[in-house]
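**Q** this one's sequence-less:
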């Protein structure tokens, strides 16, 4: 099975750092939408592909754009692939920014009913997310997501997330020595076989 990690396109919070990092629920910019639309020429998205989105507006928008030509795409949203810092600082709460808050679960259910919500009953996880969890707290959650993905009846899964999240999952999947220099950047992607 193949997992393709996709970093969302340029978001409003990426345009005027650091001021905009405290913008709640930033959307993709026009440039970000164009970047993401360009992924359609990189990948031949298929009906049997699965898409798992982070619960932020910019990743939900990214997923919606890349699946727009599929009649009934299998789209999921999960806090287990939500924003996550990398590397985790000693005092992560001091570095938390509003752009990394999960979009509220009730709004996802109401406004994005074409997504299947994972971890729906875990309100604490939806409220706090994985952003500032210690590595030891994140690891079992990340492995749970990977193990769930392995049970899916598909050959390819796209995880639409954030640089820090993607880097943390790459480490869980066995890579080492990764730094911020390994971040994918706007609409970047990384493929791995599991």
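**A** Nice, thanks for sending it over. What you see is a predicted model; the values in this text were computed from it and never measured.

**Q** which parts of the protein are helices?
**A** For the chain, the helices defined by DSSP state H cover 30-37, 57-66, 105-111, 123-128, 135-150, 163-172.

**Q** switch these over to CSV; also include mean pLDDT.
**A** Formatted as CSV, those follow (pLDDT from 0 to 100):
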stretch, mean pLDDT
helix 30-37, 98
helix 57-66, 99
helix 105-111, 98
helix 123-128, 96
helix 135-150, 98
helix 163-172, 98
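
**Q** okay, residue 51 and residue 118: tell me how far apart.
**A** 12 Å (CB to CB, to the nearest Å). C-beta coordinates here come from the backbone N, C-alpha and C atoms, glycine included.

**Q** where do the contact lists of these two overlap?
**A** residue 76 (CB atoms under 8 Å, 6 or more residues apart in numbering).

**Q** okay, these two: which has more neighbours?
**A** Here residue 51 and residue 118 are compared on neighbour count by other CB atoms under 10 Å; more neighbours surround residue 51, at 24 against 18.

**Q** quick one: contacts for the more buried one?
**A** Per CB under 8 Å, 6+ apart, neighbours of residue 51: 63, 66, 67, 73, 74, 75, 76, 157, 158, 160.

**Q** with residue 17 instead?
**A** Going by CB under 8 Å, 6+ apart, the list of residues near residue 17 is empty.

**Q** pLDDT value on it, please?
**A** The per-residue pLDDT reported for residue 17 equals 73.

**Q** go on, the one 3 residues further on?
**A** In the prediction, the pLDDT value recorded for residue 20 is 87.

**Q** and it, what does it touch?
**A** 12, 13, 14, 26, 99.

**Q** cool, residue 102 as well?
**A** Applying CB under 8 Å, 6+ apart, the residues near residue 102 are 55, 56, 79, 82, 83, 126, 127, 129.

**Q** and for residue 169?
**A** Counted by CB under 8 Å, 6+ apart, residue 169 has contacts 5, 81, 142, 145, 146, 159, 161.

**Q** the second one reaches residue 60, doesn't it?
**A** Translated: residue 81. No. Checked against CB atoms under 8 Å, the pair residue 81 and residue 60 is beyond contact range at 11.8 Å.

**Q** find the centremost residue of the chain, please.
**A** By CA atoms, centre = their mean, the chain has its centre lying nearest to residue 161, at 1.7 Å.

**Q** look up how far residue 90 lies from that residue.
**A** Taken as CB to CB, the span from residue 161 to residue 90 is 24 Å.

**Q** before we move on, what about residue 70?
**A** Taking CB to CB, one finds residue 70 at 43 Å from residue 90.

**Q** what's the answer for residue 143, then?
**A** 24 Å.

**Q** these two - which one has more neighbours?
**A** Of the pair residue 143 and residue 90, residue 143 is the one with more neighbours under other CB under 10 Å, namely 13 against 6.
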